[in-house]
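Colleague: Next come a sequence and a model predicted from it.
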Amino acid sequence: MKTFFFFLIFTSLLWLFIQFSKNYTREVEVAVQYTNIPQDKIFNEESDQALRMVLNGNGFRLMSHNWKKRILEFNVEDAVISDDNQYYFRVNKESAVLKNKLDFKGRVLSIQKDTLRLKVDLNLEKKIPVNIAQDIQYAVGYGSDKGLVVSPDSVMISGPSQVIDTIERIYTENLNLEGLNVDYTSELNIDVSSFSSTIKVVPSKVEANILVSKFTEGNQKIPITINNIPEGVEIKIFPKEITVVYRVGLDKYNEISQRDFMVVADYAKVSEESSFLTLELVNKPGSIHDVRLQEKQVQFVVLK
């Protein structure tokens with residue numbers, strides 16, 4: 001039995017050796033890469049990136065070629081023709097250079113094309129702001145004075161100039177928080193899903209910070225200022241003060257005063273039939289939130 005298996009294995013190996021010693025012809029596709037592209041240029045996807053060819057050689061050589069997945073490299077400095085945006089490279093199937101690049105000892109019977117084109121674009125770099133798609137819900141009685149702070153607040157993007165020129169801002173992954181009542185810090189990835197591989201973003205992540213504190217409701221009575229009263233006309237309004245209501249952090253509560261606010265009414269915007277002035281809050285401190293006027297209008301009379 002052992003002798004039988006020995007001869008079976010021996011004859012199988014002998015048969016394989018004979019078969020692989022024969023010559024075969026096979027069509028293959030070889031990847032193409034370009035080196036030493038100028039730093040102010042960037043690879044364009046319209047460039048030739050593969051070359052089909054027909055190879056002839058014994059089975060061992062063809063099998064070795066398939067296993068190693070050869071790559072044809074072309075140095076930009078060796079281009080036979082070039083201009084600002086394109087480089088051309090000659091490919092000769094009889095050339096020893098081609099066989100050396102392929103590391104193939106057989107014959108190259110034919111190639112798909114005898115000239116390869118590298119197309120490049122101007123590589124543009126610019127700084128753009130980071131935006132966060134956010135839905136932040138604080139727990140009752142809590143809030144944030146500064147809100148969400150992003151660091152860094154901008155990133156550098158680079159790529160083909162015709163694409164970079166159209167990008168004005170960039171977004172992170174969504175940030176959704178509910179019932180927030182403590183300080184929050186996390187890293188957010190820059191969303192590059194809509195960009196091609198030629199667009200580079202640095203850094204690829206930003207840090208999101210929220211300083212959370214207890215909030216309370218505050219209010220101030222603010223005198224109303226009337227603008228654009230015609231000369232010789234006297235206006236009386238009812239009431240003369242309006243209450244401004246807002247939310248503020250407990251640590252800032254005592255810092256807020258009446259002089260931080262200004263409420264105005266523009267007499268020039270009143271229609272002839274109306275006896276009401278519309279109020280507008282034009283000044284308020286930056287540390288308050290959810291600001292509203294208890295009344296949006298006041299009644300007035302003209303004294304002749």
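Modeller: Structure's in. What do you need? Source: prediction; values computed, not measured.
Colleague: mind listing what the residue lying closest to Asp266 once chain neighbours are set aside touches?
Modeller: Leaving aside its chain neighbours, Asp266 sits nearest to Asn227 (5.1 Å; criterion: Cβ to Cβ, 6 or more residues apart in numbering). For the C-beta atoms, the positions are set from N, CA and C on the backbone; glycine is no exception. The neighbours of Asn227, taking Cβ atoms under 8 Å, 6 or more residues apart in numbering as the test, are Val264, Ala265, Asp266, Tyr267, Ala268.
Colleague: Out of the residues you listed, who's the most crowded?
Modeller: The most neighbours of any of those, using other Cβ atoms under 10 Å, belong to Ala265, which has 23 neighbours.
Colleague: Torsion angles phi and psi at Leu250?
Modeller: As for Leu250, its main-chain torsions (degrees, to the nearest 10) stand at phi -60, psi -30.
Colleague: In contact with it, which residues?
Modeller: Contacts of Leu250 (Cβ under 8 Å, 6+ apart): Ser213, Lys214, Phe215, Thr216.
Colleague: One more pass at 6 Å, please.
Modeller: Going by Cβ atoms under 6 Å, 6 or more residues apart in numbering, Leu250 touches Lys214, Thr216.
Colleague: what about the residue lying closest to Glu234 once chain neighbours are set aside, how many residues close to it?
Modeller: Spatially, and ignoring its direct neighbours in sequence, Glu234 is nearest to Leu303 (4.1 Å; Cβ to Cβ, 6+ apart). Per other Cβ under 10 Å, the neighbour tally for Leu303 reads 7.
Colleague: ok, Leu303 to Leu177 distance?
Modeller: Computed as Cβ to Cβ, to the nearest Å, the Leu303 to Leu177 distance reads 55 Å.
Colleague: now do Leu116
Modeller: Distance from Leu116 to Leu177, by Cβ to Cβ: 53 Å.
Colleague: go on, Met156?
Modeller: In terms of Cβ to Cβ, Met156 sits 28 Å off from Leu177.
Colleague: ok so, going back, among the contacts of Asn227, which are located in strands?
Modeller: Counting by DSSP state E, the part of those found in strands is Val264, Ala265, Asp266.
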